[in-house]
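Enquirer: Model the following, please.
(2 chains)
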Protein chains: 2
Amino acid sequence: MLESLFRPKSVAVIGASSKELSIGNRVIKNLIDFGFKGGIFPINPKADKIRGLKAYPSIMECPDNIDVVHMVIPAKFVPMAMEDCGKKGVKNVIINSGGFSETGPDGEAIEKDFLAKANQYGIRVLGPNCQGIINTDADIRAYCNFTFTMPDPGYISIVALSGGVAEVIHQAFSQMGVGTRIYASNGNACDVTIPEIMAYLGDDDGTRVIVTYVEGLRDAATFMEVATKVASKKPILAMKAGRTMEGAKAAASHTGGLAKEDIATDLIFKKAGILSFKDEGELIQAAAAFATQPIPKGNRVGIITNTGGPAVIATDVMVANGLTLPPLSEKTRAVLTEALFPEASVNNPVDVLATGPAQHYRACLDAMMVDENFDCVFVNFVTPFFVDNESTAKEIVAVSQQQKKPIVCNLMTDRRQWTEVVKILQDGGVPCFALPGEAARAMTALVDYHNIRTRQIGEVKTFGDTDSAGARQILVAAKEAGKSNLPAESVYGILAAYKIPTAVWKTAKDAEAAVAVAAEIGYPVVVKADAASILHKSDMGGVAVDLKDGDAVRATVEKMQQRFPDDDLSFFTQQYLPGGLELIMGAKAEEGLGHAVMFGLGGIFVEIMKDVVFNLTPVTSGEAGQMLSAIKGASMLEGVRGRAGVNQDLIIEIIQRLSQLLTDLPEIREMDLNPLMAFGDQVVVVDARISIEK
Amino acid sequence: MLESLFRPKSVAVIGASSKELSIGNRVIKNLIDFGFKGGIFPINPKADKIRGLKAYPSIMECPDNIDVVHMVIPAKFVPMAMEDCGKKGVKNVIINSGGFSETGPDGEAIEKDFLAKANQYGIRVLGPNCQGIINTDADIRAYCNFTFTMPDPGYISIVALSGGVAEVIHQAFSQMGVGTRIYASNGNACDVTIPEIMAYLGDDDGTRVIVTYVEGLRDAATFMEVATKVASKKPILAMKAGRTMEGAKAAASHTGGLAKEDIATDLIFKKAGILSFKDEGELIQAAAAFATQPIPKGNRVGIITNTGGPAVIATDVMVANGLTLPPLSEKTRAVLTEALFPEASVNNPVDVLATGPAQHYRACLDAMMVDENFDCVFVNFVTPFFVDNESTAKEIVAVSQQQKKPIVCNLMTDRRQWTEVVKILQDGGVPCFALPGEAARAMTALVDYHNIRTRQIGEVKTFGDTDSAGARQILVAAKEAGKSNLPAESVYGILAAYKIPTAVWKTAKDAEAAVAVAAEIGYPVVVKADAASILHKSDMGGVAVDLKDGDAVRATVEKMQQRFPDDDLSFFTQQYLPGGLELIMGAKAEEGLGHAVMFGLGGIFVEIMKDVVFNLTPVTSGEAGQMLSAIKGASMLEGVRGRAGVNQDLIIEIIQRLSQLLTDLPEIREMDLNPLMAFGDQVVVVDARISIEK
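Expert: Here you go, the predicted model:
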């Protein structure tokens, strides 16, 4: 679909200008300087030539078959120009100009106007208010963009709405000597979307890794669908900003959107198999490693160094991030004891010493490539003036190009003096970093991606013993009654329909009835006041626990009747279950995405330590299991210090049943199971709330 | 003391060599290339000239008054050469050669040998196994070092044992266009120490900020003393590596030390007022900001930007690290509404737009410098080709040089194209970073340092009501009895001597006595089995709580007598205090440093969440207060969800009393107060252990 946008054979610029410092001039300069392989057609009614190229008075008088038109004209002229492009059969329009939906209602109207025309003629629009695209493919060399960084060809593609951040990333690659494949920044994205571009990059053989930056997702469902598909083919590295309220506000101010805190994006990244970053530097460095290195098959790293301290730093960073440093195999140890200087340290890290020549590095690399103790190799390389560092660089390149196990290199040098060493490593595709921590985090990212690719999330289980029709009926009835907070009977009815176990309960209208149902349930019991107005029962004195006999129940009910004069007041009477481990679950609707399901331990774990985890529906058994192990208090589930463990399989099953319930009943806005009481043989919901859209 | 080492007027090189790729040649080349202002004297019996300089057959035949001698000769020749240097009256020797204590006992013997000679003659030794020093002072220009990075003059001084890491940091500054003042890497540091150099740098007017890297501290007490003094004059930025066990092992392997996990270094950094970093990149970037910018007076940042996304990232990072983004004052808002383009965003961040010229940046900078809402200013600056970026750079420099409030700049550009812009900012002393996150973290570091400088830690309080002599007597008695784990009576006796409140207790030898003391204490009581062999009472069935009457006490004691056949068995009988908030305190001796005191909440907070904090003795009231607020579960102390708060003043007092106890009794190796029970009106120790060096 986007082939003609990203691989254009001809580019016209409406608003081409003779003024050097104008975008309408710069785009043409960039196309020429970058060696664009197709035709370039400046459109300007007043000029004969622009940058030496024949200028055309209008798009209508251009040659036919224009793949891409840049529009660098005031917003108000864009709809008319679009009409012309349509008539001319133009395939794609990149609108660099601003003044559209990002500025308010007037601009929004213009955007709607030109978009309608584009749709009518089947023109695809990138932008408006965007930089454009770059394709470094030797057959294309399209620099349809007004920025100033000329990338080397490479394997990393960048896609983002924000031209500012995309360009920062792009510049960083260029500065590192790392190439770019395709660059796309599409601003307001009124037509062509990020997921659409991502899908294109997924199919582009020249793209080995995709980098993206988001401040929020517009069409989360499509993003999720496309990203999941693409991420199964090649790594997607993403960063989300606007994480703090202040950051979200700053984002809203430059996109014209609404400021909101957002946890769903992280959950989408996770579920789609996207490698997520909180720091743009780490993302950039990781991408450089992904561009040329294979994915490791595990987390075991071997380190080769010719200087001590930086290897210590690298070790710290990798170990803190879950990598391990196994010992050398007996064979490797024997080989290296023979090959290296007697003073060298034949351990992991291997220290070949500052005086260690190229062949010592090579011996280490060769040994680690076949040593089954290692999945990846970290090279720490300072360039002493007294050894032949160029040869060492060549050996690292030679082994890296075998593509057996990933290599990252911390190159400690003065890059202005040791230009040849830098060039050998860069041209040879060895990811090179200037600090041990940076290199170590890039290695960590490769291992993290291995973990994502090999994670066993299992299937979404559909329980056959549920009564979705019954649950729906309850929900519809509540909706028709105009209730947004469901009464307890409805809530428990829905839970029962999905076989989510609850503590035995009955409702009663008054004290007599409550005493009767309590006797039926068996003492001790809990009594809870239930009425539409009572939201936080326990804070309002609407909960009494551990009632041991009928007198206690009667007294409690009478007191609550005095406290809550509500007409719809009833008494939710329930089995009291002391001594279990308190859990909580919850769910919140995420627009277009189903629900975010929350799990944690109750009491101080949630209230004080905020120790909860989230996952998007549908939740698989593997994902549910990961939720249990991801909380900081996970060992509580196993049992600690004489306290018995609880039945984790039942918890996992309840999370999955909850997920199925939420999938069947998308109208549920929020849901709380708080608490559940977990034991060795059962896990039961003790209190629950459901709210729906009115 | 170290004046002649860091400001030498003459340098001789024993082991000077004509071979280009030797250290003995390189040191001379470096001295010449760097423009050393003093005399250079190659020592080589076989050469007439080295690098064009007259060579001397021996140090004895050199001119007199040699400030620094480099030794680049095999280890075994060093003692003899040292003897010569002594006779010659040489002031300092830098030993670049290795082969000493880092290699084992033989090398250690040589090190002792030459050091004895050096001491005899009053020669100060840097190294051995070290790179040396650099001083960029225009009067000195000493490059007494064999590395290859030629620094610009600057305000940052670097000191470390590890030449590898020091050089990485040094290279990074050079690459960033940030200058260095003094560089010192002293390897084995057999004589001149890191603290000694740090003290020198503290007195060096040209040094504005000191950067150091450690893998462990040899003489922690001296480090602490010196660092505290120096940090009160100028910022010390430090990084500790070898944080993971694997990292510590890697460190041990290259220093010849022992691998150990180490929390004390962090506590020393904190107590000394050192700004501590876990990442060398962050340290480097922060140092660049400290080198030229004033310390902010608070945490309120104003952001100026000409592009959206990167400002969002910077906002996220700064807010997440405790900075705030206040709104513009009314006046600033009015001024900027007038000064900027109508489409500009006059908020915080201020977006001057990509088209915003230099005078718009200037207007923002001027306004924020006088706006009392801001303590510091973050400039986000992309260089569009269509504005005069050099002028913008000049305006930023002009305002930065007023030194009113600190400025950091995220400069987003192609540094190879916009060389003049980069040069203007660098030469103008504006700290420039290539990524928004990096710049934001550098700003954060300035604010962190402000917080350190203005922290109110209060005084060390000495309680006058303690009986240190009595406590010492108890300890001496236990020591004489050969006990390393003190019996309960001794432990409680020591606590009583320091007026640390404990639950009322008495010991009894048998059931009868236990029943009698229980009656005296008042029921309910706890009974604990006490004997030297019983370390973990509750795990071993040696604790019974909530005993309500004499029968229960008797039965308990009889059961314990059967379980523990120890001759020294007695029964610790104590008031039982249910319903309080469980706390723990502890202490561990840190060699040369007093003790690390630990505080946290008991139960799952410590067992599951590991939510504890540490501080070194002596602990002030301010520090104790910070310990209370630093735990994640701090809100438990205030009271939550209907639970009353506890008396925090009493907890703070107990921490201080414990600190005084530990200061008076340095023989205490480990001490646990676990648990203490805290209430609104009292905080009492319920169980305690003390162990001492045998």
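
Enquirer: For the rest of this, base every contact and every neighbour count on C-alpha atoms.
Expert: Will do.

Enquirer: element containing whichever residue of the stretch 451-600 of chain A sits closest to chain B?
Expert: Evaluated by CA to the nearest CA, the stretch 451-600 of chain A has residue A:539 as its residue closest to chain B, separated by 8.5 Å. For residue A:539, there is no helix or strand it lies in under DSSP states H and E.

Enquirer: mind listing what the residue nearest the centre of chain A touches?
Expert: Nearest to the mean C-alpha position of chain A, by CA atoms, centre = their mean, lies residue A:269 at 2.6 Å. Counting by CA atoms under 8 Å, 6 or more residues apart in numbering or on different chains, residue A:269 touches A:224, A:238, A:275-276.

Enquirer: What of residue A:382?
Expert: Contacts for residue A:382 (CA under 8 Å, 6+ apart) come out as A:306-307, A:354, A:411-413.

Enquirer: switch to 10 Å and redo it
Expert: In this structure, residue A:382 makes contact with A:305-307, A:310, A:354, A:389, A:410-414, A:434, B:164, B:167-168, judged by CA atoms under 10 Å, 6 or more residues apart in numbering or on different chains.

Enquirer: Now rank these by neighbours and give me the top one.
Expert: Ranked by neighbour count (other CA atoms under 10 Å in any protein chain shown), those have residue A:310 at the top, with 30 neighbours.

Enquirer: Hmm, it is touching residue A:409, no?
Expert: No. Under the criterion of CA atoms under 10 Å, residue A:310 is not in contact with residue A:409, lying 11.7 Å apart.

Enquirer: domains of chain A?
Expert: Domain assignment for chain A by automatic domain parsing gives A:1-145, A:149-292, A:295-454, A:456-503+A:579-694, A:504-576.

Enquirer: Any figure for the gap between the nearest residue to residue A:600 once chain neighbours are set aside and chain B?
Expert: Excluding the flanking residues, the one nearest residue A:600 by CA to CA, 6 or more residues apart in numbering or on different chains is residue A:612, at 4.5 Å. Distance, residue A:612 to chain B, using CA to the nearest CA, to the nearest Å: 13 Å.

Enquirer: ditto for residue A:381
Expert: Residue A:381 is 10 Å from chain B, by CA to the nearest CA.

Enquirer: Could you count how many residues lie near that residue?
Expert: Neighbours of residue A:381 using other CA under 10 Å come to 25.

Enquirer: what's near enough to touch it?
Expert: By CA under 10 Å, 6+ apart, the neighbours of residue A:381 are A:304-307, A:310-311, A:354, A:361, A:389, A:392-393, A:409-413, A:432, A:434, A:436.

Enquirer: looking at it, residue A:685 is touching residue A:678, isn't it?
Expert: Yes. Counting by CA under 10 Å, residue A:678 is a contact partner of residue A:685 at 8.8 Å.

Enquirer: any shared contact partners between the two?
Expert: Common contacts of residue A:685 and residue A:678 (CA under 10 Å, 6+ apart): A:582-583.

Enquirer: hang on, the earlier thing: can I get the domains of chain A in CSV including mean pLDDT and distance to residue B:477?
Expert: Below are the domains of chain A laid out as CSV (pLDDT from 0 to 100; distance: least, CA to CA, whole Å):
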stretch, mean pLDDT, distance to residue B:477
domain A:1-145, 96, 81
domain A:149-292, 93, 58
domain A:295-454, 97, 45
domain A:456-503+A:579-694, 93, 35
domain A:504-576, 90, 53
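
Enquirer: follow-up on the earlier one: give me the neighbour count for the residue nearest to residue A:600.
Expert: Residue A:612: 22 surrounding residues under other CA under 10 Å.

Enquirer: backbone phi and psi for it, please?
Expert: Dihedral pair for residue A:612: phi -130, psi 160, per degrees, to the nearest 10.

Enquirer: List the buried residues of the strand or helix carrying residue A:4.
Expert: Secondary structure assigned from DSSP H and E places residue A:4 in helix A:3-6. For helix A:3-6, a neighbour-count test (16 or more other CA atoms under 10 Å in any protein chain shown) marks A:5-6 as buried.

Enquirer: re earlier: tabulate the contacts of residue A:269 (a markdown table), appending secondary structure, distance to residue B:2 and neighbour count.
Expert: Putting those into a markdown table (DSSP: H, G, I helix; E, B strand; the rest coil; distance: CA to CA, whole Å; neighbours: other CA atoms under 10 Å in any protein chain shown) gives the following:
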| residue | secondary structure | distance to residue B:2 | neighbour count |
| --- | --- | --- | --- |
| A:224 | helix | 64 | 23 |
| A:238 | strand | 51 | 24 |
| A:275 | strand | 51 | 22 |
| A:276 | strand | 50 | 23 |
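
Enquirer: Out of the residues you listed, the closest to chain B would be?
Expert: Chain B lies nearest to residue A:238 out of the contacts of residue A:269, by CA to the nearest CA, at 13.4 Å.

Enquirer: what's near enough to touch that closest one?
Expert: Residues in contact with residue A:238, defined by CA under 10 Å, 6+ apart, are A:158-160, A:210-214, A:266, A:269, A:274-280, A:283-284.

Enquirer: If we use 6 Å, what do you get?
Expert: A:211-213, A:276 (CA atoms under 6 Å, 6 or more residues apart in numbering or on different chains).

Enquirer: re the thing from before, distance of the residue of the stretch 451-600 of chain A closest to chain B from residue A:556?
Expert: Per CA to CA, to the nearest Å, residue A:539 is found 16 Å from residue A:556.

Enquirer: Tell me which of those two has more neighbours.
Expert: Using other CA under 10 Å, the more surrounded residue of residue A:539 and residue A:556 is residue A:556, with 23 against 11.

Enquirer: Up against chain B, what does the stretch 51-200 of chain A have?
Expert: A:162, A:164-165 (CA under 6 Å from any CA of the partner chain).

Enquirer: let's see it at 10 Å
Expert: A:99, A:103, A:146-150, A:161-172, A:174-175 (CA under 10 Å from any CA of the partner chain).

Enquirer: Now, of those residues, which are buried?
Expert: Using 16+ other CA under 10 Å as the burial test, those include A:99, A:146-150, A:161-172, A:174-175 as buried.

Enquirer: what touches both of residue A:310 and residue A:409?
Expert: Counting by CA under 10 Å, 6+ apart, the shared contacts of residue A:310 and residue A:409 are A:380-381, A:435-436.

Enquirer: which one of these has the most neighbours?
Expert: residue A:436 (31 neighbours).

Enquirer: With adjacent residues omitted, what lies nearest to whichever residue of the stretch 351-500 of chain A sits closest to chain B?
Expert: Residue of the stretch 351-500 of chain A nearest chain B, by CA to the nearest CA: residue A:386 (4.6 Å). Setting aside the residues directly before and after it, residue A:386 is nearest to residue B:21 in space (CA to CA, 6+ apart), at 4.6 Å.

Enquirer: Am I right that residue A:600 sits in a helix?
Expert: No. Using DSSP: H, G, I helix; E, B strand; the rest coil, the assignment for residue A:600 is strand, not a helix.

Enquirer: Just list the residues touching it, thanks.
Expert: Remark: with contacts taken as CA under 10 Å, 6+ apart, residue A:600 is in contact with A:582-586, A:606, A:610-614, A:627-628, A:630-634, A:674-675.
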